[in-house]
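A.B. asks: Provide a 3D model corresponding to the input given below.
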Amino acid sequence: MVNVRPVTHLCDELVGLRDRYAPEGFEFWDEHFPLDVSWLRELVHEYPRRVGLPFKVEMHPSAASRERLTLLRDAGCALFHCGVEAGDEALRRNVLHRRTRDSELQRVFDDCRALGLATSASLMTMLPGETRAQTVSTTALLRRLRPASFMWATYQ
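C.D. replies: So this is what the prediction gives:
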């Protein structure tokens, strides 16, 4: 079951929060951020007109198509965040069950830069069985992706 709020309801709530608390912007932290392109098109139409504040979004890299990233930018997205987790594809796949390839991550970060979206990544260290070479590969991947910021957490 997919639980996605209508854009009009979301904007109603955000306008109320904006007017009551005067935030600088909003953040949507859900790697399953709406994937439906028609929902994002509606967001492009409603959010800038009704809410008008920049926002940050997290999305799974496999869902971050150029079309979706363009729609997010046009709606007012200022920063795109995704989980990179580790620089070794086998470690990501076998320990974290993440099947994202380095090439796909590179495409997403390159597309974001081309569209003028700042980028952020989350990473994990001390994964079960992680070797020093795999840790070095994470640093190397970060250098290639060049996120504007990143969050680094220890696996527990």
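A.B. asks: got the contact list for residue 152?
C.D. replies: The neighbours of residue 152, taking CB atoms under 8 Å, 6 or more residues apart in numbering as the test, are 122, 123, 124, 125. For glycine as for every other residue, the C-beta is placed from the backbone atoms N, C-alpha and C.
A.B. asks: tell me how far the second one lies from residue 20.
C.D. replies: Applying CB to CB, to the nearest Å, the value for residue 123 to residue 20 is 35 Å.
A.B. asks: those two: which is more packed in?
C.D. replies: Per other CB atoms under 10 Å, whichever of residue 123 and residue 20 has more neighbours is residue 123, with 18 against 8.
A.B. asks: any idea which helix or strand carries the more buried one?
C.D. replies: Secondary structure assigned from DSSP states H and E places residue 123 in strand 118-125.
A.B. asks: partners of that strand in the sheet?
C.D. replies: strand 77-85 (parallel), strand 149-154 (parallel) (DSSP bridges).
A.B. asks: what residues of the shortest one count as buried?
C.D. replies: Buried residues in strand 149-154, defined by neighbour count with 16 or more other CB atoms under 10 Å: none.
A.B. asks: kindly report the same for the first one.
C.D. replies: The neighbour-count criterion (16+ other CB under 10 Å) identifies 77, 79, 80, 81, 82, 83, 84, 85 as the buried residues of strand 77-85.
A.B. asks: neighbouring contacts of it?
C.D. replies: Applying CB under 8 Å, 6+ apart, the contact partners of strand 77-85 are 25, 29, 31, 54-61, 64, 69, 72, 92, 96, 98, 105, 108, 112, 117-124, 138, 141-142, 145, 147-148, 150.
A.B. asks: repeat that with 7 Å
C.D. replies: Strand 77-85 is touched from outside by 25, 31, 54-61, 64, 69, 72, 92, 96, 98, 105, 108, 112, 117-124, 141, 145, with contacts defined as CB atoms under 7 Å, 6 or more residues apart in numbering.
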